[in-house]
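Trainee: Can you look at this prediction? I've put the sequence above it.
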Amino acid sequence: MSEPLDELAALPPPAPPPIGGALEAELSHLEPAAMRRPLRQLAVLVGASLVYGAGLVFVLTTRQDLRELPIGWLAGVALGWLFGFLVPSYVALMPRPGAVTPRWQLAAIAAVVASVGFVSLGLAVHPAGPSSSSYGVERFGHGHTCLELGLATALVPVVIGAIFLRGALPIGSRWIAAALGAGGGCLGGLVLHLYCHIADGLHVGLIHGGVVVVAALLSAAIVPRTTNVR
Amino acid sequence: MADAKDLMARYCDGDASAFRELYALLAPRLYGYLLKMARQRALADDLLQHTFMKVHRARTAYIRGADPVPWIYSIAHRTFLDETRKVKRAIVRVGDADELPELKADLRGETDDRRDDPADPELMQAALAALAALPEQQRQAVVLTKLEGKSVAEAAEIAGTTVGAMKVRAHRGYEVLRKLLGGKAAKGPTDTRTSRAGGTR
């Protein structure tokens, strides 16, 4: 055999040490453990989050200019936000068939596309009616309440996702957390879309869209502490 | 013999003997992988125990019917990174003649005189030294694709990187090995499933 690496590859596996004392102690009182069921978890996350979001809209009431805006735009953007919530949540929880860990590459793509997409969309398209308001550049800072409301909405799906994925991710946990955050941020964007009557581009793009970005960043920074395998 | 999926499912259902079977099935491969990465027997022993303890703690994350092997390899590699950074243990460098023979014996689990077809000691020594000289990511790529018989996609999944990045790491690793071994080694990961005796599944 002339290949040195082939020599190494052909060696039989080494004899490992026996199972350690700590692990033996754990095995001595082993209990059945409920395994992860990603589809069920996704259904719970989506269902609970949508109920929470709908409850917020009900409590806050819908935007005052709702009937003045193009119905096609209202429905289309609402569907976009909903899609933005569902897709990142799906890729953050669902591995490919036969795998244990969710696909962090897809999660990364979903988080980035949602973040960039909704900021751009809000900056570009923001129709207004007679009852709509505008903050503009001068009062841009007044929009912080929308940011806070959006993040509060995002909290529910992110926390539920973090609980479902706790201790489950040896790799890619930051991107998966970012996707969870982006999905939650999109749910926040949907609530704001139905509630907030501020219709200038800066507010809709940078505050409503910014909820997705901030939620994704915060989630990526915090959630891996829970989801990393320890 | 039951496969890893069945054993993992039975173990999660509370069958401790299934865990022991799973350990018997996977520990030799993981130990070999960790030895090649850590290059110290005591450290590899610790890493193996930590890996299986983490698998035990994280068993509720397992999905029935899924292949647990890439997941457990990922945990092993994450454990290697975390533990080596945490304890900052000195890693044996290239040419440390005191350590490499022990590693060689560990890797095969037997001594030269017990093998029917003894490997060329010089080649083995050269390969181990060259492997030890590689940066961590390239070493992981070469170990997984060439020595552990994983496909590039599987290796990427274990390492938590993209297929493209894994190909680049493996290619660069082979380039370095080719230089260090004077052209005797490293054909590249063209057929990554054929090199390991006995396979990995």
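Mentor: Perfect, I can see it now. Keep in mind that what you see is a predicted model, and the values were worked out from it rather than measured. Residues are numbered from 1 along each chain as shown, chains lettered A, B, ... in the order given.

Trainee: Mind checking the pLDDT average for the longest helix along chain B?
Mentor: Across chain B, the helix with the greatest residue count (assigned by DSSP state H) is helix B:16-38. For helix B:16-38, the mean pLDDT works out to 91.

Trainee: for chain A, which spans come out with low pLDDT?
Mentor: A:1-2 (pLDDT under 70).

Trainee: I misspoke; the intended subject was chain B.
Mentor: B:1, B:87-121, B:183-201.

Trainee: the strands in it, which residues?
Mentor: For chain B, no strands turn up when DSSP state E is the criterion.

Trainee: quick check: domain ranges of it?
Mentor: Residue ranges for each domain of chain B read B:4-87, B:100-111+B:119-180, as given by automatic domain parsing.

Trainee: follow-up on the earlier one: in the longest helix of chain B, what counts as buried?
Mentor: Using 16 or more other CB atoms under 10 Å in any protein chain shown as the test for burial, helix B:16-38 gives B:18-23, B:25-38. Backbone N, C-alpha and C define where each C-beta goes, glycine included.

Trainee: do the same with stretch B:59-78
Mentor: Result for stretch B:59-78 [16+ other CB under 10 Å]: buried residues B:59, B:61-63, B:66-78.

Trainee: tell me, what residue is most central in chain A?
Mentor: Centroid check for chain A by CA atoms, centre = their mean gives A:Leu180 as the closest residue, at 2.1 Å.

Trainee: Now do the same contact list for that one.
Mentor: By CB atoms under 8 Å, 6 or more residues apart in numbering or on different chains, the contact list for A:Leu180 reads A:Pro88, A:Ser89, A:Ala92, A:Pro157, A:Val158, A:Gly161, A:Ala162, A:Leu165, A:Ser219, A:Val223.

Trainee: the helices in chain B, which residues?
Mentor: Under DSSP H, chain B gives helices at B:4-12, B:16-38, B:41-57, B:68-87, B:100-108, B:121-133, B:136-142, B:152-159, B:163-180.

Trainee: Including distance to A:Ala22, could those go into a markdown table?
Mentor: Below are these laid out as a markdown table (distance: least, CB to CB, whole Å):
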| stretch | distance to A:Ala22 |
| --- | --- |
| helix B:4-12 | 17 |
| helix B:16-38 | 14 |
| helix B:41-57 | 6 |
| helix B:68-87 | 14 |
| helix B:100-108 | 23 |
| helix B:121-133 | 30 |
| helix B:136-142 | 27 |
| helix B:152-159 | 25 |
| helix B:163-180 | 33 |
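
Trainee: so can I have JSON lines of those helices showing distance to chain A?
Mentor: Shown next, in JSON lines, are the helices of chain B (distance: least, CB to the nearest CB, whole Å):
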{"stretch": "helix B:4-12", "distance to chain A": "5"}
{"stretch": "helix B:16-38", "distance to chain A": "3"}
{"stretch": "helix B:41-57", "distance to chain A": "4"}
{"stretch": "helix B:68-87", "distance to chain A": "4"}
{"stretch": "helix B:100-108", "distance to chain A": "4"}
{"stretch": "helix B:121-133", "distance to chain A": "3"}
{"stretch": "helix B:136-142", "distance to chain A": "7"}
{"stretch": "helix B:152-159", "distance to chain A": "7"}
{"stretch": "helix B:163-180", "distance to chain A": "7"}
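
Trainee: Of those helices, which is nearest A:Ala152?
Mentor: helix B:41-57 (32.0 Å; CB to CB).

Trainee: in the closest one, what's buried?
Mentor: Those buried within helix B:41-57 under the rule 16+ other CB under 10 Å are B:41, B:43-56.

Trainee: what helices or strands is that helix leaning on?
Mentor: Contact partners of helix B:41-57 among helices and strands, from 3 or more CB pairs under 8 Å, 6 or more residues apart in numbering or on different chains; DSSP states H and E: helix A:21-28, helix B:16-38, helix B:68-87, helix B:100-108.
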